[in-house]
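Q: Need coordinates for the below:
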Amino acid sequence: MPPTHPGTGRRRPADRLLTVLTCPLCPADLAHADGALRCADRHTFDIARHGYVSLLTGHRRAASADSAGMVRSRASFLRAGHYDPLARTLAELATELAPPDATVLDAGAGTGHYLAAVLDALPDALGLGLDSSAAALRAAARAHARGEAAGWDVWRPWPVRTGCAHLVLNVFAPRNGPEFHRVLRPDGALLVVTPTDRHLRELHDSIGLLAVDPRKEERLRRTLEAHFAHDRTEPLEYVMRLTAGDIAALVAMSPTAHHVGATELGRRVAGLETPVRVTASFVVSVYRPTAH
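A: Below is the predicted model:
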């Protein structure tokens with residue numbers, strides 16, 4: 001298990017993390033110092049009680065950060081196993097794309113669910129999840145013994161060393177192409193997951209789930225084409241059987257939660273004959289960094 005700070009019981013991020021992170025305020029190295037990380041210029045970043053490193057000190061949480069309620073709903077839905085086929089697909093691809101001792105970065109890691117699956121498949125790998133939600137980071141920091149978590153807005157330049165990563169994961173999260181490219185090794189790979197327009201289609205009308213843009217994959221490629229070459233795509237589609245509780249958690253963890261109140265959601269779910277057969281439909285894309 002990862003070490004704790006003597007006398008505090010706090011989980012201390014592994015020393016190997018310091019070969020990946022840099023000070024976000026200057027290019028200096030970071031070192032452990034009294035329950036925090038500190039650089040030579042004495043910029044100091046607290047290690048939270050739950051084990052993640054707060055690098056956003058002095059900055060407000062990103063507007064897109066998940067709330068505690070969204071994180072609880074996501075954790076509940078994922079624990080039920082509905083997206084396990086996606087986690088297995090990512091793990092299988094990771095073993096093809098990265099060595100067993102890889103450094104894996106997860107941009108917008110959420111609860112760390114997919115990063116943990118990849119680390120299980122790579123027996124000596126180190127994982128770092130970046131997210132701006134404190135609630136998500138609390139879960140991500142404990143998702144895997146070789147997984148670390150740091151508070152950061154992935155739209156901004158990352159406090160991560162250039163060329164340190166063998167693999168970058170981007171699962172339903174913002175895409176910062178220039179930073180993906182900068183942190184990856186020349187022989188590294190980017191794994192991106194997007195939903196198709198068939199994803200959760202059975203719930204679009206009955207629940208009011210927001211539809212996926214059918215041109216989403218096309219827009220993804222345009223976003224990344226300046227820095228990456230598309231290597232291949234793995235489609236994944238299967239049917240889930242969802243209970244009323246599953247559907248409520250699914251909606252509460254998605255952007256639809258901002259548009260449908262809890263009372264109205266309860267009314268709509270109560271009108272369904274459960275369990276409901278619902279389509280899960282994803283595109284898992286592999287990209288390789290191009291030389292600049």
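
Q: which residues does the residue nearest to A134 when sequence neighbours are not counted contact?
A: Residue nearest to A134 in three dimensions, not counting chain neighbours: G151, with 6.8 Å by C-beta to C-beta, 6 or more residues apart in numbering. No exception for glycine: its C-beta is placed from N, CA and C like everyone else's. When contacts are counted by C-beta atoms under 8 Å, 6 or more residues apart in numbering, G151 touches 52-56, 130-132, 134, 137.

Q: ditto for A116
A: Residues near A116 by C-beta under 8 Å, 6+ apart: 127, 143-144, 147.

Q: Tell me how many other residues surround the residue lying closest to C26 once chain neighbours are set aside.
A: Counting by C-beta to C-beta, 6+ apart, D41 is the residue found nearest to C26 once chain neighbours are left out, at 5.5 Å. Under the neighbour criterion other C-beta atoms under 10 Å, D41 is assigned a count of 10.

Q: can you tell me which residues contact D41?
A: Under the criterion of C-beta under 8 Å, 6+ apart, the neighbours of D41 are 23, 25-26, 28.

Q: Just flag the most distant two among the contacts of A116.
A: Of all pairs drawn from those, the widest gap by C-beta to C-beta lies between G127 and A143 and measures 8.7 Å.

Q: Are there residues contacting both of those two? Which ones?
A: Listed as contacting both G127 and A143 by C-beta under 8 Å, 6+ apart are 112, 115-116.

Q: quick one on the thing from earlier: out of the contacts of D41, which comes closest to C164?
A: Here the nearest of those to C164, counting by C-beta to C-beta, is C23; it sits at 14.7 Å.

Q: Please tell me how far the residue nearest to V276 when sequence neighbours are not counted sits from A80.
A: Of all residues beyond its chain neighbours, the one nearest V276 is L242 (5.1 Å), with distances taken as C-beta to C-beta, 6+ apart. Noted for L242: a distance of 9 Å to A80, by C-beta to C-beta, to the nearest Å.

Q: anything in contact with each of the two?
A: Taking C-beta under 8 Å, 6+ apart as the contact rule, L242 and A80 touch no residue in common.

Q: Number of residues surrounding the residue nearest to V276?
A: By other C-beta under 10 Å, 25 other residues sit near L242.

Q: Then W152?
A: 27.

Q: thought it was touching P24?
A: Yes - contact criterion C-beta atoms under 8 Å: W152 and P24 qualify, at 7.5 Å.

Q: Now the common contact residues for these two.
A: Residues touching both W152 and P24 comprise 55, 159, with contact defined as C-beta under 8 Å, 6+ apart.

Q: follow-up on the earlier one: out of the contacts of D41, who's nearest A48?
A: Proximity of the contacts of D41 to A48 was ranked by C-beta to C-beta; the top entry is C23 with 17.7 Å.

Q: which non-adjacent residue is nearest that closest one?
A: With C-beta to C-beta, 6+ apart as the criterion, C23 has its nearest non-adjacent residue at 3.9 Å, and that residue is C39.

Q: what stretches of the stretch 51-200 of the chain score poorly on pLDDT?
A: In the predicted model, the stretch 51-200 of the chain carries pLDDT under 70 at residues 57-64.

Q: coming back round to it: let's have the contacts of D41 in TSV, adding secondary structure and distance to P159.
A: Rendered in TSV, the data for the contacts of D41 read as follows (DSSP: H, G, I helix; E, B strand; the rest coil; distance: C-beta to C-beta, whole Å):
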residue	secondary structure	distance to P159
C23	coil	7
L25	coil	9
C26	coil	10
A28	coil	11
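
Q: could you dump the residues you listed to a markdown table with distance to R221?
A: Supplementary listing: the contacts of D41 in a markdown table, determined by distance: C-beta to C-beta, whole Å:
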| residue | distance to R221 |
| --- | --- |
| C23 | 34 |
| L25 | 34 |
| C26 | 35 |
| A28 | 37 |
